[in-house]
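Asker: Sequence below, structure please.
(2 chains)
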Amino acid sequence: MPLFPLVRDAATAEFLDGCERGDLLVVRDRTTGAYLDPKTDVSADPERFERVAASGDATVISWSIGHGRGADGAPTRWTFGIVQLAEGPWFWSELQLPEGRAPEGLSGASAHVAFVRTGPAPEHATIPVFVVD
Amino acid sequence: MATTSTRTPAIAGLGITEVGKVYGRTAPQFAAEAVRLAAQDAGLALGDIDGLIVSGGLSDAVGLGMQTELGLTRLGLFTSMQGYGSTAGQMVQYASMAVQSGMVDTVAVVWADDPLKENKGGGAAYGEHAAKTPSGWMPITNSGGALTANNMYALAARRHMDAYGTTSEQLGAIAVAQRDWAAMNPRAQLRTPITLDDHQASRMISDPFHLFDCCLVSNGGIAVIVTTAERARSLAQPVVDVLGWAQAHPGLTGMRNDDFGLISGAATAGPAALRMAELALDDIDVVELYDCYTYTALISLEDYGFCAKGEGGAFVSQPGVLGPNGSLKVNTGGGQLSSYYLWGMTPLSEAIIQARGQAGERQVDRHARVLVSGNGGVLDYHSTLILGNDD
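Answerer: From the prediction side, this is the model:
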């Protein structure tokens, strides 16, 4: 569950449009074949960099459980972390756990991408989350 | 330092406003007061200042209006800068270079912030700021769970734990030791000693961080006056020489990947600053670290070389190492965890106080060489200073 709604801007529009379609876009360097962080500015050299869909498979690198309070003051907890995509880049994201799995010892676990809307309004973007296998 | 210049830089003034839960004043007001206090501390008039470097924290409200506020009309150096937690150290470095070159003679560097608002918790101050912007790359990260610095540093600390077996109890040893120091610091916001059990029982903020792993949130301002050592000797305070300095900014901010959480800029900047000062680590008497989290202090100790990489947890939890009776004098005012959180000005101010020999009950006997760290972003920006007092 995203912590708050967000909207597209010029820098993130292509990435978030991909999420809307169900594609996790990373950046590929045509000259080296390397896959780069989604935040890489493709417009810096469009001949060299292109956005491509990642497989969505990943491994959990690090994780935490955030503790806070919701708008109503009630205690809330959320699990999040860093995953390494199968293509190489890392991504910081919400982690969702299968029912019955305790949020502990998650580092090294395999995960796969899913997509969630950040809010109910039409302009609210869809972002990736990673579901621990 | 390794130079033939007679214009070696030194710190001649320190101004600290009331700090902590201080309401009713803005960051620019704190900043102006801090500069006035620093000039007074040095025995200077405001008109003696010919250089001014300003910076602010979360509110980012300390800007170029400070010149008018202070009535400074003969500035030969004036700028606003931002390097997050590395800012304080960086400001002293640029001031030192300006003084050394002869560009100006007397530079005031000032930092202030007012994130705390009455009837709102400290967590709200930083959390609300992170959630304000609803577009861009960072909000994608924030909305996905890494909402605040607490969450982001928790991921770094977890990585260190996974790689090296560092434990929460070992991090807690840092919190306990620093609270013991804070008990002797009249400015400290938290002065009641704590035990490791208290640390473990403190509420969870972002696993593995408990409340006592996390820095305070504070209002206030601190200013430092940098001039030539020669001039400083004729002024009011013991001279604190700026002997060495360095920065390290590894880049790939927010996407560090492989070494995230395992190494900081201290590993590069520490040796470089020591080389400039023509010192070895063994020469350092006092260590004032940027400790936004217990983990940040731990990784800084490793990266400076006070212990081997990965052995920080065992090192800090070893009896007789940290704390007022320990062999290594670290964060002698209580640090950002227990005294006050004015970003890099917290370790810098305590370093100056210790180097001068003015720390009262908590004064360290040997205080001729002091190492100061600054750390910003999530281990993204780093500054190191080596200060000295040969009086």
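
Asker: near chain A, which residues of chain B?
Answerer: By C-beta under 8 Å from any C-beta of the partner chain, the residues of chain B that approach chain A are B:123, B:127, B:131, B:134-137, B:139-147, B:150-151, B:154-156, B:158-159, B:162, B:203-208, B:254-255, B:257, B:260-261. Yep, even glycine has a C-beta here, placed from its N, CA and C like the rest.

Asker: Out of these, list just those in helices.
Answerer: Among the residues of chain B next to chain A, the members falling in helices are B:123, B:127, B:137, B:139-143, B:150-151, B:154-156, B:158-159, B:162 (criterion: DSSP state H).

Asker: Show me which of those are buried.
Answerer: Burial by neighbour count, judged by 16 or more other C-beta atoms under 10 Å in any protein chain shown, picks out B:123, B:127, B:137, B:139-143, B:150-151, B:154-156, B:158-159, B:162 from these.

Asker: hmm, which two among those residues are most spread apart?
Answerer: Of all pairs drawn from these, the greatest distance, 27.4 Å, lies between B:Pro139 and B:Asp162 (C-beta to C-beta).

Asker: Is B:Gly13 located within a strand, as I assumed?
Answerer: Yes. For B:Gly13, which was evaluated using DSSP: H, G, I helix; E, B strand; the rest coil, the result is membership in a strand.

Asker: and the residue of chain A found nearest chain B, which of the three is it?
Answerer: When scored by C-beta to the nearest C-beta, chain A has A:Phe80 as its residue closest to chain B, at 2.4 Å. Each residue gets one of three states, and A:Phe80 gets strand by three-state DSSP.

Asker: Could you double-check that it lies in contact with A:Trp63?
Answerer: Yes. Look at A:Phe80 against A:Trp63 with C-beta atoms under 8 Å: they come within range, at 7.0 Å.

Asker: where do the helices sit along the stretch 51-200 of chain B?
Answerer: Assigned by DSSP state H, counting those that start in this stretch, the stretch 51-200 of chain B shows helices spanning B:66-70, B:87-101, B:122-130, B:137-143, B:149-164, B:168-182, B:196-201.

Asker: Where among those helices is average confidence lowest?
Answerer: Within the helices of the stretch 51-200 of chain B, confidence is poorest for helix B:122-130, with a mean of 61 (mean pLDDT).

Asker: The closest residue to B:Val239 other than its chain neighbours: neighbour count?
Answerer: The shortest distance from B:Val239 to any non-neighbouring residue, by C-beta to C-beta, 6 or more residues apart in numbering or on different chains, is to B:Ala232 (4.4 Å). In terms of burial, B:Ala232 registers 24 neighbours under the definition other C-beta atoms under 10 Å in any protein chain shown.

Asker: Could you verify my assumption that B:Ala232 touches B:Ala10?
Answerer: Yes. Under the criterion of C-beta under 8 Å, B:Ala232 is in contact with B:Ala10, at a separation of 4.1 Å.

Asker: Report the mean confidence score over the helix or strand harbouring B:Ala38.
Answerer: Assigned by DSSP states H and E, B:Ala38 belongs to helix B:27-42. Model confidence over helix B:27-42, given as mean pLDDT, is 98.

Asker: What of stretch B:242-260?
Answerer: So the average pLDDT for stretch B:242-260 ends up being 87.

Asker: Can you measure across it, start residue to end residue?
Answerer: 31 Å (C-alpha to C-alpha, to the nearest Å).

Asker: Buried residues of that stretch, list them for me.
Answerer: Counting neighbours by 16+ other C-beta under 10 Å, one finds that the buried residues in stretch B:242-260 are B:242-250, B:254-256, B:260.

Asker: list the helices and strands the helix holding B:Ala38 packs on?
Answerer: Packing partners of helix B:27-42 (3 or more C-beta pairs under 8 Å, 6 or more residues apart in numbering or on different chains; DSSP states H and E): strand B:9-16, strand B:51-56, helix B:66-70, strand B:107-113, strand B:220-228.

Asker: mind listing the strands for chain A?
Answerer: Using DSSP state E, the strands of chain A run over A:25-29, A:35-36, A:49-53, A:57-69, A:75-85, A:90-96, A:110-117, A:126-132.

Asker: would you list these in JSON lines and tack on distance to A:Val42, mean pLDDT and mean neighbour count?
Answerer: Output for the strands of chain A, formatted as JSON lines (distance: least, C-beta to C-beta, whole Å; pLDDT from 0 to 100; neighbours: other C-beta atoms under 10 Å in any protein chain shown):
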{"stretch": "strand A:25-29", "distance to A:Val42": "6", "mean pLDDT": "97", "mean neighbour count": "20"}
{"stretch": "strand A:35-36", "distance to A:Val42": "9", "mean pLDDT": "95", "mean neighbour count": "18"}
{"stretch": "strand A:49-53", "distance to A:Val42": "4", "mean pLDDT": "97", "mean neighbour count": "15"}
{"stretch": "strand A:57-69", "distance to A:Val42": "22", "mean pLDDT": "96", "mean neighbour count": "22"}
{"stretch": "strand A:75-85", "distance to A:Val42": "17", "mean pLDDT": "96", "mean neighbour count": "21"}
{"stretch": "strand A:90-96", "distance to A:Val42": "17", "mean pLDDT": "97", "mean neighbour count": "22"}
{"stretch": "strand A:110-117", "distance to A:Val42": "20", "mean pLDDT": "98", "mean neighbour count": "17"}
{"stretch": "strand A:126-132", "distance to A:Val42": "18", "mean pLDDT": "98", "mean neighbour count": "22"}
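
Asker: Which among the ones you listed is found nearest to B:Ser300?
Answerer: Ranking the strands of chain A by proximity to B:Ser300 (C-beta to C-beta) places strand A:57-69 first, at 19.2 Å.

Asker: what angle do the closest one and strand A:110-117 make?
Answerer: Strand A:57-69 and strand A:110-117 meet at an angle of 60 degrees, taking axes from the mean of the first three to the mean of the last three C-alpha atoms, to 10 degrees as the criterion.

Asker: Strand A:126-132 and strand A:57-69, what's the angle between them?
Answerer: Using the same axes, to 10 degrees, strand A:57-69 lies at 100 degrees relative to strand A:126-132.

Asker: got the angle between strand A:57-69 and helix B:149-164?
Answerer: Using the same axes, to 10 degrees: strand A:57-69 against helix B:149-164 is 130 degrees.

Asker: quick one: strand A:57-69 to chain centroid distance?
Answerer: On the basis of C-alpha atoms, centre = their mean, to the nearest Å, the separation between the geometric centre of strand A:57-69 and that of its chain is 11 Å.

Asker: tell me which strands and helices that strand is in contact with?
Answerer: Using 3+ C-beta pairs under 8 Å, 6+ apart as the contact criterion, the neighbours of strand A:57-69 among helices and strands are strand A:75-85, strand A:90-96, strand A:110-117, strand A:126-132, helix B:149-164, strand B:204-206.

Asker: send the alpha carbons of that strand over as PDB?
Answerer: Output for strand A:57-69, consisting of C-alpha atoms alone and laid out as PDB, is shown next (Å, rounded to 0.1, in the frame of the first residue of the first chain):
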ATOM      1  CA  ASP A  57      12.400 -10.700 -11.100                       C
ATOM      2  CA  ALA A  58      14.500  -9.500  -8.200                       C
ATOM      3  CA  THR A  59      16.300 -10.400  -5.000                       C
ATOM      4  CA  VAL A  60      15.900  -8.600  -1.700                       C
ATOM      5  CA  ILE A  61      19.100  -6.700  -0.700                       C
ATOM      6  CA  SER A  62      17.900  -5.000   2.400                       C
ATOM      7  CA  TRP A  63      14.600  -4.400   4.200                       C
ATOM      8  CA  SER A  64      13.000  -2.600   7.100                       C
ATOM      9  CA  ILE A  65       9.700  -2.200   8.800                       C
ATOM     10  CA  GLY A  66       8.600   1.400   9.100                       C
ATOM     11  CA  HIS A  67       6.600   2.300  12.200                       C
ATOM     12  CA  GLY A  68       4.400   5.400  12.100                       C
ATOM     13  CA  ARG A  69       0.900   6.800  12.600                       C
END
